[in-house]
Each structure stands twice: as structure tokens, then as C-alpha cells.
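Asker: Based on what follows, work out the 3D shape:
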Amino acid sequence: DILVDGKVCDCDVVVTCQVGDPVPLQVKLTNWSKHSVGPFALTMMPYQDYQNGVHNYELQDAITFVGSNTFHIDTVKPTKDSVYFGALLFLYTGDFYLNIKFHEDNCSRELPLSWLCLPSVHIRATEPVA
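Answerer: Residues are numbered from 1 along each chain as shown. Sure thing, here's the model as predicted:
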């Protein structure tokens, strides 16, 4: 589950926020399997989509994270949750997207790391209301 500014998000919803106001993020991983899973790393990466196949990930002058954009998850037991909190601060107006990826964080494996990507979250940063 992904919550942006306290609202549940899915790939069809555009979340609107104001430039200069921190936007709370919450990502909850629920283990529905019969076995414990982990370790994982959760990474959140903002980008702009230029609608021509180009994604701009160089947004250090437009967006900043309040806290970290990467979280390490040790183990999630069956039917349990692991919840991570953070916040984004938009410095300019525009349409932005947030990639949220889980990947195995176990360097002892001989196989390539596997990724689980959630649908991108669409966030529109607007001018503050005067």
C-alpha cells in the first residue's frame, strides 16, 4: 500500500500538493506468503516523464527527500507488515512521478538481484495558495 499525504494511491490517481510543503509518504509491505521474506531494500526514486520515452531522474534542484529515499528491511514474517515513512519537498511546480522498488538485499546469493516494482505514483506540485 502507498499513501501520499495520507491518501491511498494507485496508478490512476494524480495526487496534488503545494510547492514548499512537505508531502508525507508511507509505504507498507505486507507478506501474504507462508514464509518469512527478506532482507530487502526499498528505494523511492522521483522522476519527470517527458512523454517521449525520456525519464529525467536528475531532480536534485526540484525535489528533496525529508529523510532517506532508501530503507533496509530485515525480515517480514508471514501475514505481518513492514511500514516505512518519509516525505518529499517539491521546490518547483510540475508533474512528477515516484518509482518505488523493492529488491533483494542479500549479497550472499549467486543469482542476480530480483526487483519488485510498484506502479508509479503521479504527483502534481502546484503554486501555494495565497
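Asker: in the chain, which spans are helices?
Answerer: Under the criterion DSSP state H, helices are not mapped anywhere in the chain.
Asker: would you list every one of the strands in this protein?
Answerer: If you assign secondary structure with DSSP state E, the strands in the chain sit at 2-4, 7-8, 14-18, 22-30, 40-49, 55-56, 63-66, 70-73, 81-90, 94-104, 115-126.
Asker: Buried residues, the third one. List them.
Answerer: Counting neighbours by 16 or more other Cβ atoms under 10 Å, one finds that the buried residues in strand 14-18 are 15, 17. Backbone N, C-alpha and C define where each C-beta goes, glycine included.
Asker: what does the fourth one give?
Answerer: Neighbour counts over strand 22-30 (16+ other Cβ under 10 Å) mark 22, 23, 24, 25, 26, 27, 29 as buried.
Asker: picking up where we left off before, present the strands of the chain as CSV; the columns should include mean pLDDT.
Answerer: Converted to CSV, the strands of the chain look like this (pLDDT from 0 to 100):
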stretch, mean pLDDT
strand 2-4, 81
strand 7-8, 79
strand 14-18, 90
strand 22-30, 88
strand 40-49, 87
strand 55-56, 89
strand 63-66, 90
strand 70-73, 86
strand 81-90, 89
strand 94-104, 85
strand 115-126, 79
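Asker: Show me what stretch 42-60 is in contact with.
Answerer: Residues lying outside stretch 42-60 but in contact with it, judged by Cβ atoms under 8 Å, 6 or more residues apart in numbering, are 25, 27, 29, 62-63, 65, 69-73, 84, 86, 88, 94-103.
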